[in-house]
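# structure for the following, please:
(2 chains)
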Amino acid sequence: MSSSSSSLQTARLRTEIKRRRRWDLVFIVIGIFALLLGLMTLATLFIDMLIDGWERLHPEFFTSFPSRRAAHAGILSAWVGSLAVMVVTGTVAIPLGVATGIWLEEYAPRHWVTNVIEININNLAGVPSIIFGLLALGLFVYSFNLGQSIRTAGLTLALLILPVMIVGTREAIRSIPQSIREGAYALGATRWQTVQHHILPYSLPGILTGVIIGMARAIGETAPIITIGALTFIAFLPPPPITDAPPFLSFEWLEAPFTVMPIQIFNWTSRPESAFQHNAAAAGLVLVAMTLIMNGLAILLRYRLRKNIKW
Amino acid sequence: MKVVRSLALSGFAGMSLVHGVQAQVVKLDGSSTVYPISEAVAEEFQKFKKGAIKVTVGISGTGGGFKKFCRGETDISNASRPILKKEMDDCAKAGIRYYELPIAFDALTVVVNPRNSIKQLTIADLKAMWEPTAQGKVVKWRQANPAFPDTPLKLFGPGADSGTFDYFTEAVNGKAKASRGDYTASEDDNVLVQGVQRDSGALAYFGFAYYVENKANLKALAIVDPKTGKAVEPSEQTVIDGTYQPLSRPIFIYVSEAGYKKPEVAEFVVYYLKQAALLAKEVKYIPLPPKAYELNAAHLEKRKLGTVFGGEAEVGIKIEDLMTREAKF
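Below is the predicted model:
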């Protein structure tokens, strides 16, 4: 009787295991399907852009200004504008974001003020970008009178990606084992010495990833830039940052009017002539390439820096 | 150090066209309908001046353009309709006075899918489809006019910020901005073109240039002029002879008085008036007769500020009417 009940139990167990395996399989299929759906959509869009835009990717495409004639139109003012805006964004957002992250993780006392700050930062990371554009329009353009310039755009995008950078920095710092800090303090290191010699170097790969992903988001943003009034037709470049007369440096470019890649693409897609759609596709390819290169750089840096860390 | 500097210099050499001297900038903004003409003029002008004067052109819609213009942020505003009373007040409050220069004509074009058998519409038909009370009710062609087939009606049109929307609603529904809301609205006219291309029951309206570029996939409808009862198709000819009514409309640039006092803006405007006929035609708009551009130049010379429209949204202005009005101004 006991043997029959045990065999009954094994049989029941077997069917149970089979049932669970089936669920496992179902889940795997769903997972693969979800993955493929995302990847295929991306691939389709990318290939479509490639087919449409490939022919326009001549060197002249990068060295010509926009034009009403599709065959002569290029993205010179757009990519220079995007680059200049990114320089401003990076200069403002990276030090501010990283410093805030370090302060919040390592220095800030735990009480309700820091809690409020923390909740706000996490919320800000999810605020739609157009809201940042409206804020910047009121604050930078009208209150501070910074005009519709590269400086305004750079600051706006810096605000936009600041939460991303702070959150990224904090995640990176949190992944460092507590024992490292304790070890440093045990040897008599001050708080700053601990941060400088241990926390920062060890979390650098993670911080850089956050920074570059933030920058990659900024470069593709259109809504806030349109809100602050980026221009659509610009056939000249900002003044060069290096001049031939002392003091050799010029910051006039900060105040220059500008356009950026997403706006150029937006403008071309809304044209009646179909030839401009090819230009838009080509410019789209360049923008995707720019983001991919930035993301690739993030991966490379993370890999390189991680190799140097030995606990 | 020297190597570094020369390297950096050569790297940034591409970033400078004009070295040293700060170039003067002429700022334009406003209607997306007028944009192609202003862009063409800006492009040619900068080539002509070899970059000594810079020109920027933005797109923020006729209304958005006037907002910036009346704050003194731009020198010239592109407009696909005359300035309205409210905008005139805003400008007056800020002390901005302006020259109103008509530069071309456009034919607002009503299009359907080529498979659609309908060839013409009256303004009453259009009103039945687009008036605010049609919302949710008129969903089939037959409901707009019993003579039409019993197929679903899909409407496409520009969004509420556009001057084209203002003009069409004024001309068809009798009140600017009064329209049903349940249609596919897009500021991007290509979206409208594609919508009509895909759906045999679709109807859309937009500027003539978009129709010309997509002739193969669209059918433009003849519009019955309520005054003459004749159905007229949109074309360069019917706009010039004034028979395509009431959907022909003049388009403008507004030049601020303060802007015009700057030599670079004045030079640009003079160039604009000289080239407008040629370039408007190139970007598929209907140029005004040469006399109109001469009148514009005369108005600038005699410092005739303000508008000939008195802030009213007006429809059915023929080129001739415009000319007489401008001549009297």
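# what parts of the stretch 201-329 of chain B come near chain A?
The stretch 201-329 of chain B comes close to chain A at residues B:Ala209, B:Tyr210, B:Val212, B:Glu213, B:Asn214, B:Glu282, B:Val283, B:Lys284, as judged by C-beta under 8 Å from any C-beta of the partner chain. Just so you know, the C-beta spots here come from the backbone N, C-alpha and C atoms, and that holds for glycine as well.
# which one of the residues you listed is nearest chain A?
Nearest to chain A among these is B:Glu213, at 3.6 Å by C-beta to the nearest C-beta.
# next, count neighbours for the closest one.
Here the number of neighbours of B:Glu213 (other C-beta atoms under 10 Å in any protein chain shown) works out to 20.
# show me what contacts it?
B:Glu213 is in contact with A:Pro272, A:Glu273, A:Ser274, B:Lys284, counting by C-beta atoms under 8 Å, 6 or more residues apart in numbering or on different chains.
# now do the SS call for the first one.
Spelled out, it's A:Pro272. Here A:Pro272 is recorded as coil under DSSP: H, G, I helix; E, B strand; the rest coil.
# okay, now it: neighbour count?
Burial of A:Pro272 is recorded as 20 neighbouring residues (other C-beta under 10 Å).
# which ones are touching it?
Contacts of A:Pro272 by C-beta under 8 Å, 6+ apart are B:Asp189, B:Asn190, B:Val193, B:Ala209, B:Tyr210, B:Val212, B:Glu213, B:Asn214, B:Lys284.
# what's the closest non-adjacent residue to it?
In space, and not counting its chain neighbours, A:Pro272 is closest to B:Glu213: 3.6 Å by C-beta to C-beta, 6 or more residues apart in numbering or on different chains.
# ok, the third one next?
The spatially closest residue to A:Ser274, leaving aside those adjacent along the chain, is B:Glu213, at 7.3 Å (C-beta to C-beta, 6+ apart).
# how much space between the one you found and A:Ala275?
10 Å (C-beta to C-beta, to the nearest Å).
# what's the answer for A:Arg21, then?
Taking C-beta to C-beta, one finds A:Arg21 at 57 Å from A:Ala275.
# of those two, who's got more company?
Remark: of A:Arg21 and A:Ala275, A:Ala275 carries more neighbours, 14 against 10, as counted by other C-beta under 10 Å.
# sec struct for the residue lying closest to the more buried one once chain neighbours are set aside, please.
The shortest distance from A:Ala275 to any non-neighbouring residue, by C-beta to C-beta, 6+ apart, is to A:Ala70 (3.5 Å). Assigned by three-state DSSP, the conformation of A:Ala70 is coil.
# what sits against A:Ala70?
Residues in contact with A:Ala70 (C-beta under 8 Å, 6+ apart) are A:Arg271, A:Glu273, A:Ala275, A:Phe276, A:His278, A:Asn279.
# now flag whichever of those is closest to B:Arg249.
A:Arg271 (20.8 Å; C-beta to C-beta).
# quick one, phi/psi of the closest one?
With angles defined as degrees, to the nearest 10, A:Arg271 sits at phi -80, psi 150.
# any chance of the contacts of A:Ala70 in CSV, plus pLDDT?
Output for the contacts of A:Ala70, formatted as CSV (pLDDT from 0 to 100):
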residue, pLDDT
A:Arg271, 80
A:Glu273, 77
A:Ala275, 84
A:Phe276, 88
A:His278, 90
A:Asn279, 91
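# between these, which has the most around it?
The most crowded member of the contacts of A:Ala70, judged by other C-beta under 10 Å, is A:Asn279 (27 neighbours).
# what about B:Ser32, helix or strand, and which?
Counting by DSSP states H and E, no helix or strand carries B:Ser32.
# next one: A:Leu157
helix A:150-174.
# and the very next helix or strand once past that helix, what does it pack against?
Downstream of helix A:150-174, the first helix or strand assigned by DSSP H and E is helix A:178-186. Counting by 3 or more C-beta pairs under 8 Å, 6 or more residues apart in numbering or on different chains; DSSP states H and E, the packing neighbours recorded for helix A:178-186 are helix A:191-194.
# and the helix of greatest length in chain B, how far from the chain's centre?
Longest helix in chain B, counting residues (DSSP state H): helix B:263-282. Centroid separation for helix B:263-282 versus its chain: 16 Å, with C-alpha atoms, centre = their mean, to the nearest Å.
# for it, which positions count as buried?
Within helix B:263-282, the residues that count as buried by 16 or more other C-beta atoms under 10 Å in any protein chain shown are B:264-269, B:271-273, B:275-277, B:279-280.
# what do you get for stretch B:200-213?
B:201-213.
# over to stretch A:53-73?
A:Gly53, A:Arg56, A:Leu57, A:Phe61, A:Phe62, A:Ser64, A:Phe65, A:Pro66, A:Ser67, A:Arg68, A:Ala70, A:Ala73.
# can you give me the neighbour number for B:Thr310?
Careful, residue B:310 is Gly; it's not Thr. Neighbour tally, B:Gly310, other C-beta under 10 Å: 11.
# shouldn't it be within a helix?
No: read with three-state DSSP, B:Gly310 is coil and lies in no helix.
# which two of the contacts of B:Glu213 lie the greatest distance from each other?
Using C-beta to C-beta, the pair of these lying farthest apart is A:Ser274 and B:Lys284, separated by 13.8 Å.
# the two: which is more packed in?
Between A:Ser274 and B:Lys284, B:Lys284 has the larger neighbour count (other C-beta under 10 Å), namely 19 against 12.
# go ahead and confirm the more buried one touches B:Val212.
Yes: under the criterion of C-beta atoms under 8 Å, B:Lys284 makes contact with B:Val212 at 4.7 Å.
# for the closest residue to chain B within the stretch 51-200 of chain A, which non-adjacent residue is closest in space?
Using C-beta to the nearest C-beta, the single residue of the stretch 51-200 of chain A nearest to chain B is A:Arg68, 4.8 Å away. For A:Arg68, ignoring the flanking residues on the chain, the nearest one in space by C-beta to C-beta, 6+ apart is B:Ala40 at 4.8 Å.
# where does the one you found fall, secondary structure wise?
Counting by DSSP H and E, the element that carries B:Ala40 is helix B:35-48.
# so which bits of that helix are buried?
If you call a residue buried by 16+ other C-beta under 10 Å, then helix B:35-48 has these buried ones: B:Tyr35, B:Pro36, B:Ile37, B:Ser38, B:Glu39, B:Ala40, B:Val41, B:Ala42, B:Glu43, B:Glu44, B:Phe45, B:Gln46.
# gap between stretch B:220-232 and the chain center?
Distance of stretch B:220-232 from the chain centroid (C-alpha atoms, centre = their mean) equals 22 Å.
# list the contacts for A:Val141?
Per C-beta under 8 Å, 6+ apart, neighbours of A:Val141: A:Gly147, A:Gln148, A:Thr152, A:Ile228, A:Gly229.
# those helices in the stretch 1-150 of chain A, which residues are they?
A:2-53, A:59-63, A:76-102, A:112-124, A:129-136, A:150-174 (DSSP state H, counting those that start in this stretch).
# right, is the first one up against chain B?
No: looking at helix A:2-53 against chain B by C-beta under 8 Å from any C-beta, there are no contacts, and the closest approach is 13.7 Å.
# span of stretch B:195-211 from start to end?
13 Å (C-alpha to C-alpha, to the nearest Å).
# do stretch B:55-73 as well
Start-to-end, stretch B:55-73 (C-alpha to C-alpha) is 14 Å.
# flag the shaky bits of the stretch 201-311 of chain A, pLDDT-wise.
Filtered on pLDDT under 70, the stretch 201-311 of chain A yields the residue ranges A:245-246, A:310-311.
# residue numbers of it in contact with chain B?
By C-beta under 8 Å from any C-beta, the residues of the stretch 201-311 of chain A that approach chain B are A:229-245, A:248, A:252-253, A:257, A:267, A:269-274.
# buried members of these into PyMOL, please.
Typed into PyMOL, the line below selects the buried ones among these, using 16+ other C-beta under 10 Å:
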select buried, chain A and resi 229+230+231+232+233+234+235+236+237+238+239+240+241+243+253+257+267+269+270+271+272+273
